[in-house]
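K.L.:
this is a predicted model, with the sequence first.
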Amino acid sequence: MVRELIVLAQTISLWFLVAIAALGAGLTLLNRMRLRRVLLSWPEGRLMGYPLLPTVYLLATFGWTAWVLYAHRWEQLNLLAPLVLMGAFWFFWALLASQRVITDYGIVQYVNTPHRSIPWEAIEDYFIRQEARYTRYTFFYSLPGPEDRERQRLELRVPNSLLSAFQRIVRIKVDRRFEYALERAYGREMLNE
């Protein structure tokens, strides 16, 4: 009787965690779908673009499932099913949440907090540093608001496969604004000399 109650409590708590992971994945998917005029996006996870902890957890549960199937320990499948489902939802949630999204309006740092996006007009300066598998863009920006306009910094690791597309976007959205400001300050003739 006590063992059955413990198993029931364990099962209920596992399925509750699956429901939370599914809710998080669903809300993140809705937030990602709400973003308009997406120009470019890429995953920003620590494990070759994938989120580290959900990937390790999912691989561990897949390994455990393979061992259970190999050893014919069918009674453990009731425990594994919610763990694998929770891992899959967590992985999907983290993969979508860790994406860097470039829109026509600016840079979305986190999909679940789109109000913290950085509009292109807020970027004041940037520099580029080339690395092995990616190019690191460091943007300096100031957001208008009641607080002191302190300059903030955003670092983006742009994969080399998307570098030319990202450079084209930055050239159109940021560089043209800088060129126009220089031209207004010094005049076209002075800049061409």
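P.N.:
Okay, I see it. Residues are numbered from 1 along each chain as shown.

K.L.:
switch to C-alpha atoms for all contacts and neighbour counts from now on
P.N.:
Noted.

K.L.:
and for Arg136, the neighbour number?
P.N.:
Using other Cα atoms under 10 Å, Arg136 has 17 neighbouring residues.

K.L.:
that one belongs to a helix?
P.N.:
No. Arg136 is assigned strand when assessed by DSSP: H, G, I helix; E, B strand; the rest coil, not a helix.

K.L.:
dump the residue contacts of it.
P.N.:
The neighbours of Arg136, taking Cα atoms under 8 Å, 6 or more residues apart in numbering as the test, are 128-130, 155-158.

K.L.:
what's the spacing between Leu162 and Glu121?
P.N.:
Distance, Leu162 to Glu121, by Cα to Cα, to the nearest Å: 22 Å.

K.L.:
ok, now Phe16?
P.N.:
Plainly put, Phe16 is 44 Å away from Glu121 if you go by Cα to Cα.

K.L.:
rounded mean pLDDT for the longest helix along the chain, please.
P.N.:
The longest helix of the chain (DSSP state H) is helix 2-34. Average pLDDT, helix 2-34: 91.

K.L.:
now do the buried residues in the helix or strand just after that helix.
P.N.:
As assigned by DSSP states H and E, the chain's next helix or strand after helix 2-34 is strand 38-43. Within strand 38-43, the residues scored as buried using 16 or more other Cα atoms under 10 Å are 38, 41-43.

K.L.:
got it, and stretch 127-145?
P.N.:
Applying a neighbour-count criterion of 16+ other Cα under 10 Å, one finds 134-143 buried in stretch 127-145.
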